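Trainee: sharing a model that was predicted from the sequence below.
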Amino acid sequence: MLNIQVYQIDCKIYLMKNVDLTQMLYEISYFIDLGLGKSEKMLEFHKRRGFKNYVHSGFLELEKDKVYKEGKIYTFSIRCVDEELKDYLLQTLGDISTGTLKGLTTTVKLIPKMYIEKLYLLTPGLIKLREGYWKGNINFASYEKRLFENSIKKAKMVMGENFDENFALYNHITMLNHKPILNRYKEIALLGDKFELLIADNERAQQVAYILLGTGILENNTAGYGFANYKSGY
């Protein structure tokens, strides 16, 4: 764990067309994907199956009418745990244009290792089921099981080791939305949820929680789902 570092790349973009809130994550994902496509190695990374271990936020600025405006500058963040990916995105995204988003500048900072009291989602967490949205298809215990298993798989991949899974990752989960949060991916409507986790006071839970800041929580993280912020304690 000592050599694991979560990086945050902040990217300023110029908006060339209006973007509705429900399309925001898709537009940012497409922008990042176009950047990854500029390198044969990164394009191969982009196309491979499995966890990519990066996640992006939506625009950090808020628009009251939920429409991001042509001609304005906005900022979003990408987090990752891979130094090579961090360096590539930092050097590349300032020169990318999709016709909707035009890159301007990128900066990077380290997310410090600290005691994490709480993780809370800034973009919805997503579980993909063949039947659609999870409510009405699986119970909450199954939802939590999937959340735990997904988190452990990512942590083991990042840490490069197996470990005993007999520990509590969090003491309490609180759902923050009263109805599903809709975002669009191309022509598909995806429904997710925002929640907060009170992270357990044990070493393994703290390690996993820190990693989740860089990989995202639950599924479709490269599309912007499961981007979390934190509250530190002590």
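Mentor: Cool, the structure landed.

Trainee: give the contact list for residue 23.
Mentor: 183, 184 (C-beta atoms under 8 Å, 6 or more residues apart in numbering). Bear in mind the C-beta positions are built from the backbone N, C-alpha and C, glycine included.

Trainee: swap in residue 104?
Mentor: Here residue 104 is in contact with 11, 12, 13, 14, 73, 94 (C-beta under 8 Å, 6+ apart).

Trainee: who does the strand or helix carrying the first one touch, helix- and strand-wise?
Mentor: By that I understand residue 11. Following DSSP states H and E, one finds residue 11 within strand 6-15. Judged by 3 or more C-beta pairs under 8 Å, 6 or more residues apart in numbering; DSSP states H and E, strand 6-15 is in contact with strand 73-80, helix 83-92, strand 101-111, helix 203-215.

Trainee: which parts of the second one are buried?
Mentor: Think helix 83-92. The neighbour-count check on helix 83-92 (16 or more other C-beta atoms under 10 Å) flags 85, 86, 88, 89, 90, 92 as buried.

Trainee: do the same with the longest one
Mentor: Across helix 203-215, burial judged by 16+ other C-beta under 10 Å covers 204, 205, 206, 207, 208, 209, 210, 211, 212, 213, 214, 215.

Trainee: please apply the same query to stretch 126-137.
Mentor: 126, 127, 133, 134.

Trainee: where do the strands of the protein begin and end?
Mentor: Per DSSP state E, the chain carries strands over the ranges 6-15, 19-20, 54-56, 67-68, 73-80, 101-111, 116-121, 170-175, 181-185, 188-192, 195-199, 228-232.

Trainee: quick one: mean pLDDT for the longest one?
Mentor: When you say that, I think you mean strand 101-111. When pLDDT is averaged along strand 101-111, the result is 98.

Trainee: same thing with the third one?
Mentor: Taken as a whole, strand 54-56 carries a mean pLDDT of 98.
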